[in-house]
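Colleague: My questions concern the predicted model and sequence given below.
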Amino acid sequence: MSGGMTNLSYLVESGSRRAVVRVNTPHSKALGIDRQREEALLRLLQPTGCVPKLLYVTAEVLVTEFVDGRLWDAGTVDSHHRVNRQLVPLLEKIRAFPKPATASRFSYLNHCQHYLAQLVVRPVAADAIEEHAAAIDAGSWQPVICHHDLIPENIIDTGRGPVILDWEYAAWGHPGMDLIRLGVAESHHSAVGRLKLRDLQRGMDALWLALTDQLAGVV
């Protein structure tokens, strides 16, 4: 299957059933991906119907039921009415799950520093990214399930509502991060707060691109 930038995915069929077999990248640890956390969150969200049905999982492979539908695109996200009508209520349902006592609040600073420690060339914006991450970590926000990669290509319209794919970067993170990525502003976040989240999100994207290029031997 095409589209994935990190793992290899295959569509398999058995009779009338179809499933997606994802072979995990060997660089999971380098990219800050916690496969146990991903599995735990997927299992937690199974009753909601907003994630693919989990069929089989190991440290190397994830098998989910194929989700038939239409991928969102930039035009879909530009339709604020559709986002507010379909996606925002879904995210509110996801964010309503209470954090288990055994789960940790995601540290954006630790995540960014994990990337920076591996880069051969320190980015010019590294200090600013660390400052943004530290500022967000220092906030008094309550952690919620945060996808952290909520791009249009990870959202499928099934006709029964959106289903969100690719939860490998998900964690108990900041409640405003996912909608900031989609360009949706929530009224209870101040303009300054939204700006900090946007700057951090862009910084994390830049670090991810730099590290994936380095791992692929592009740089």
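Modeller: Alright, I've got the coordinates. Numbers count the residues shown, from 1 in each chain.
Colleague: And the longest helix along the chain, what's buried?
Modeller: The helix spanning the most residues in the chain, taking DSSP state H as the definition, is helix 191-215. Within helix 191-215, the residues that count as buried by 16 or more other CB atoms under 10 Å are 193-194, 196-201, 203-204, 207-208, 210-212, 214-215. For every residue, glycine as well, the C-beta is placed using N, CA and C.
Colleague: show me the contacts for Leu200.
Modeller: For Leu200, the set of contacting residues under the criterion of CB atoms under 8 Å, 6 or more residues apart in numbering consists of 108, 129, 132-133, 136, 177.
Colleague: measure the closest residue to Cys112 other than its chain neighbours to Val57 for me?
Modeller: Taking CB to CB, 6 or more residues apart in numbering as the measure, Cys112 lies nearest to Ala133, with 4.7 Å between them; neighbours along the chain are not counted. Spatial separation of Ala133 from Val57 under the definition CB to CB, to the nearest Å is 30 Å.
Colleague: A helix includes Val83, no?
Modeller: Yes - under DSSP: H, G, I helix; E, B strand; the rest coil, Val83 falls within a helix.
Colleague: Give me the below-cutoff pLDDT ranges for this protein.
Modeller: Using pLDDT under 70 as the threshold, the predicted model of the chain has low-confidence ranges 1-5, 76-81, 185-189, 218-219.
Colleague: coming back round to it: for the longest helix of the chain, what is the distance to the chain centroid?
Modeller: Helix 191-215 has its average C-alpha position 13 Å from the chain's average C-alpha position, going by CA atoms, centre = their mean, to the nearest Å.
Colleague: All the helices of the protein, residue numbers only.
Modeller: For the chain, helices defined by DSSP H occupy the ranges 35-45, 74-78, 80-82, 88-95, 108-116, 126-137, 177-181, 191-215.
Colleague: got TSV for these, with distance to His148 too?
Modeller: Converted to TSV, the helices of the chain look like this (distance: least, CB to CB, whole Å):
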stretch	distance to His148
helix 35-45	11
helix 74-78	16
helix 80-82	22
helix 88-95	12
helix 108-116	9
helix 126-137	13
helix 177-181	6
helix 191-215	8
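Colleague: looking at these, which is closest to Thr158?
Modeller: Proximity to Thr158 (CB to CB) singles out helix 88-95 among these, at 11.8 Å.
Colleague: List the buried residues of the closest one.
Modeller: 88, 90-91, 94.
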